[in-house]
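> Everything below, folded, please.
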Amino acid sequence: MRNRCRSSSGSVSGTSDTDGSIGGGPDECSTSSGGISSVSATPSPGPHLAEEDAGADADAEGVDTTLLTPSARSGAAAAAASSSSAAASSAQPPAAKATPRIGYVSSGRRFPVPRTLDMVDSLAFPRNWGPSEVVVVSTLALNCLSLLGLRSIPVGFFVALFAFWRLAYNIGLGVLLRSQSHSSVVTRWVEGLSPKATAVVKRAVTGSMGADYRWSKAPVELNAWLVFRAGAMLVLANDGCTYVLLAAKCMADAGLPTGPGGVAAAAIGAGLVAFCYWAKSSAHRCVGDFAWYWGDFFFLMDGELVFDGVFELFPHPMYTVGYAAYYGCALISRSYTLLLTSMVAHALQLLFLVAIEEPHIQRTYGPKAAKPASGAPGTTSTAVSVTPSSPKLGSSSSGSAMAAAAASAVAATAYDALGLAQLEPLRQGDLALGALLTHVVVTGLWPGLNSSYYMAQLVAWRLAHWGGLGTLLYRQSVRASWTRAAAARGDSPTAAFAQWKRVYYTSAVVNRVVFFVAAARVAPGWISSCLATPAAAARTALGAGLGAIAFYATRSARDAIGEDAAAYADFFLPPTRKAPVYTGVFRYVNHPTAALGCLGAYGMALTTGSWTLGAVAAASQLAHVAFVYTVEVPHMTRLYARRRDAAALERALRRHAARVAAAADGVPLVRDVKVRVADGVAAQSARLAAEAAGVVGAVGGMGRAIAERRETLRADIRALKHRLRSHDLYLKARAVRDGAVTSLQRLDGDEVVALLERVGLANPALWMDSDSDDEGVLRRCRSSGDVGSTAQVSQTVR
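Down below sits the predicted model:
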């Protein structure tokens, strides 16, 4: 089931389907005139139906008022007369707001849409029963007769009963809606009925309608929708009823929960059921009965729908969180049969969305708004166009040519989500990628390697991806190192980004393949045993569901921001927007690939039953989150001045937490506990502060003593070094002296005289006193004036 809104030229339509009790589906809403997207991230106070105000001017807009009762016609005329200005329209009394909503068909006819009751009001109160409601209640009562044999009837009967109505829902209603969307088959069938058949159908489907509706005056599209609505109510009510019967059977077989694990599972399951009830109620309150029964497959309505509540928090809530009760019942009953049945039914509902709902949305409202080719990183919350062919890069012919060339350069290296859709064997980058993949696959098939090698290979590639490439992106963000290196080679920033894109996608592809190879070698028998037991089948189904969520998050993020943005284009090229654009999955979560993109790895670990793979998956997600908050978020903060702090879900949780805290403050017991806790915390803080101050003082004293001792040791070391140097010089001098004495003792007089003459210490006019036989005293000639020097030399020789 789903609902959607388009505010284009005042026209609005909403379509939805639901299964009365359990099932549900997504929504799509856009406030742009050209496309359909998710609900606005800005919270609104409540659902508003602008078509009520639009219908006030029914006569002025050419509305066919023959469907109205006389009182309704007079009310419409009065409303039209009083709506001459916007101020007068806003000041209308409450009676004017009851004017019927205005619908229109392809022929241009406009008409008031009569009021219809929702499923609960139609079936719960006998006064609202018509022939079609009696049939629905009768089938429900017939199904409930199986409760009399709840213990004896096998569970397969309830599974088959639920499968019948689920297939009637997804296949029966799906075929009818598809045919109605393409060729208006239901409308043409109603139009071609004979008078007798028309009377029977009219009596069957209009018995519960009010006095403001007339079959003969209404357009055939409205009558056809009422006929389809009656059949859809029969299918949806029984689909929900038979699932409840199946859940009751499984709970009866399982008995009451025992043990802490069983009680915890039952509590979580009950919470999921309550959450599902809130999601259903919020969805119906927002979209109304028209969207609940696929009204826009038949006609459209004027006005504007503003969604809030669950549609603000989750994408396609009636297809996602609207099925929380399925898994809650499975937890309460602790039944793998119910879990597998629920997962299959949920998968069928998602296929119904893809095959029936989305194509009709595209045909009815046109294609979605053009997606930017690139922008903010894929794991950030920004969609910013940095396409080289953007008009902002140049308006001249030369600028256009350069932009076209840059666009061609980027497109030449484009890859899809896995990097394999546009693989070209003769391209350089693809050759390298093919070689790496061949190596990984061949080593994965090699029998001689154990699982440790594959885990080491997986860890190495994950480190290279988040550590190595993360470091490169950080340096590019802070210093533009990548583009500067490219500029030094003569390459443009666009060419630099193209090279980076090839490297990034190569790493991403190899990391995925390495993970699958490691999973196959760590748990080699998981493929054959994944469906061997109910527990294994449930793990496999749950792992597949996690993988589907990861694929949706990755694909939706890529579709929202573009392929270049997913490769972090705004780290290399200037953005063309001044503020981020939050569309697609970014409307609900800021970093979808970091928060949800890693669920596929957890799903594989769950399917294989490998704790090692689970640990690697957890470490990979932690690395991804660290990369986001250390590289991406600072870069986005520097790049964009206006960024949101939190997504819609986080803001809603904050609001609810504030409301709970405010409500708790009004309870005396809670207030007293908070005061006591605050006093205790203050006392403990003071005590810890005092103890910390004492410890700090003691540590400071020890530090000062250590510093003084260090200075003393330094002074002692300096004195010791001085003494060692003095002692070393003394030893060297003594050795020189002893050597000189020894050398002079071996010399005779003539050698000493010759030595002194060579060094310039003796006058050539020296003579030896022959009378001095014992000591050989040298004497200077009387004519020489340096008697003292000669005497000193003589004394030295002696």
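> Poorly predicted segments of this structure, please.
1-100, 303-309, 366-429, 744-749, 752, 759-798 (pLDDT under 70).
> which stretches of it form strands?
3-6, 11-12, 27-30, 48-49, 101-104, 110-113, 300-302, 305-306, 766-768, 778-780 (DSSP state E).
> Could you check how far the closest residue to Met343 other than its chain neighbours is from Thr337?
Closest residue in space to Met343, ignoring its immediate chain neighbours: Ala541 at 4.7 Å, by Cβ to Cβ, 6 or more residues apart in numbering. No exception for glycine: its C-beta is placed from N, CA and C like everyone else's. The gap separating Ala541 from Thr337 is 12 Å, by Cβ to Cβ, to the nearest Å.
> thinking again about what came up before, might you report the residue contacts of the residue nearest to Met343?
Leu339, Leu340, Met343 (Cβ atoms under 8 Å, 6 or more residues apart in numbering).
> likewise Ala325?
Ala325 neighbours (Cβ under 8 Å, 6+ apart): Ile22, Leu272, Val273, Cys276, Tyr277.
> The third one against Ala330, yeah?
Just to be clear, that refers to Val273. No. Contact criterion Cβ atoms under 8 Å: Val273 and Ala330 do not qualify, at 10.7 Å.
> neighbour count winner among those two?
Ala330 (24 against 19; other Cβ atoms under 10 Å).
> Correct me if wrong: that one contacts Gly269.
Yes. Using Cβ under 8 Å, Ala330 is in contact with Gly269, at 7.3 Å.
> So Asp118 versus Gly288, what's the distance?
8 Å.
> Could you do Arg363 as well?
Relative to Gly288, and taking Cβ to Cβ, Arg363 is found at 22 Å.
> Of those two, which one has the most company?
The residue with more neighbours, out of Arg363 and Gly288, is Gly288; 21 against 11, by other Cβ under 10 Å.
> Do a quick rundown of the helices in the stretch 101-250 of the chain.
Along the stretch 101-250 of the chain, counting by DSSP state H, counting those that start in this stretch, helices occupy 119-124, 131-144, 155-167, 174-183, 185-191, 195-205, 220-254.
> Is it possible to get those out as a markdown table so that each row also shows distance to Ala647 and mean neighbour count?
Listed next are those as a markdown table, based on distance: least, Cβ to Cβ, whole Å; neighbours: other Cβ atoms under 10 Å:
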| stretch | distance to Ala647 | mean neighbour count |
| --- | --- | --- |
| helix 119-124 | 32 | 17 |
| helix 131-144 | 40 | 16 |
| helix 155-167 | 33 | 18 |
| helix 174-183 | 32 | 17 |
| helix 185-191 | 40 | 18 |
| helix 195-205 | 43 | 15 |
| helix 220-254 | 31 | 22 |
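> which residues does Cys598 contact?
Cys598 sits next to Ala550, Ala617, Ser620, Gln621, His624 when contact means Cβ under 8 Å, 6+ apart.
> In contact with the third one: list those residues for me.
Same thing as Ser620. Arg462, Trp466, Cys598, Ala601.
> wait, Phe572 sits on Ala498?
No. Assessed by Cβ under 8 Å, Phe572 is found out of contact with Ala498, at 9.2 Å.
> For Arg166, which non-adjacent residue is spatially closest?
Using Cβ to Cβ, 6+ apart, the nearest residue to Arg166 is Ala345, at 5.3 Å.
> Now for the one you found, how many residues are close by?
Per other Cβ under 10 Å, the neighbour tally for Ala345 reads 23.
> That one is in contact with Leu167, isn't it?
No. In this structure, Ala345 is not within contact of Leu167 by Cβ under 8 Å, at 9.8 Å.
> Of all residues in this protein, which one is nearest the centre?
The centroid of the chain falls nearest to Pro592 when counting by Cα atoms, centre = their mean (1.0 Å).
> Quick one: residues contacting Met209.
For Met209, the contacting residues are Pro114, Thr116, Gly130, Leu226, by Cβ under 8 Å, 6+ apart.
> Would you mind listing the two of these that lie farthest apart?
The most widely separated members of these are Pro114 and Gly130, with 13.7 Å between them, by Cβ to Cβ.
> more neighbours, these two?
Set Pro114 next to Gly130 and count neighbours by other Cβ under 10 Å: Pro114 wins out with 21 against 17.
> Backbone torsions only: list them for the more buried one.
As for Pro114, its main-chain torsions (degrees, to the nearest 10) stand at phi -70, psi 160.
> Would you agree it is in contact with Asp212?
Yes. Taking Cβ under 8 Å as the definition, Pro114 is a contact partner of Asp212 at 5.0 Å.
> Would you agree Gly295 is in contact with Leu226?
No. Contact between Gly295 and Leu226 fails when scored by Cβ under 8 Å: they sit 10.1 Å apart.
> Please narrow the contacts of Ser620 to those residing in helices.
In helices, defined here by DSSP state H, the members of the contacts of Ser620 are Arg462, Ala601.
> what's the closest of the contacts of Ser620 to Leu353?
Using Cβ to Cβ, these come closest to Leu353 at Cys598, 24.2 Å.
> For that closest one, grab phi and psi.
Recorded main-chain torsions at Cys598 are phi -90, psi 0, according to degrees, to the nearest 10.
> and it, how far is that from Gly271?
25 Å.
> Repeat that for Leu222.
The gap separating Leu222 from Gly271 is 41 Å, by Cβ to Cβ.
> dump the residue contacts of Gly597.
Contacts of Gly597 (Cβ under 8 Å, 6+ apart): Thr379, Ala550, Ala553, Thr554, Ala557, His624.
> Could you export those residues as JSON lines, including distance to Arg577 and neighbour count?
Formatted as JSON lines, the contacts of Gly597 follow (distance: Cβ to Cβ, whole Å; neighbours: other Cβ atoms under 10 Å):
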{"residue": "Thr379", "distance to Arg577": "18", "neighbour count": "24"}
{"residue": "Ala550", "distance to Arg577": "28", "neighbour count": "21"}
{"residue": "Ala553", "distance to Arg577": "23", "neighbour count": "26"}
{"residue": "Thr554", "distance to Arg577": "23", "neighbour count": "22"}
{"residue": "Ala557", "distance to Arg577": "17", "neighbour count": "28"}
{"residue": "His624", "distance to Arg577": "25", "neighbour count": "21"}
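> I'd like those laid out as TSV, including distance to Leu234.
Output for those, formatted as TSV (distance: Cβ to Cβ, whole Å):
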residue	distance to Leu234
Thr379	46
Ala550	37
Ala553	36
Thr554	39
Ala557	40
His624	48
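> Looking at those residues, which is nearest Ala488?
Thr379 (29.8 Å).
> Could you tell me how many residues sit around the residue nearest to Thr607 when sequence neighbours are not counted?
Leaving out its chain neighbours, the residue that sits closest to Thr607 by Cβ to Cβ, 6+ apart is Gly543, at 3.6 Å. By the criterion of other Cβ under 10 Å, Gly543 has 22 neighbours.
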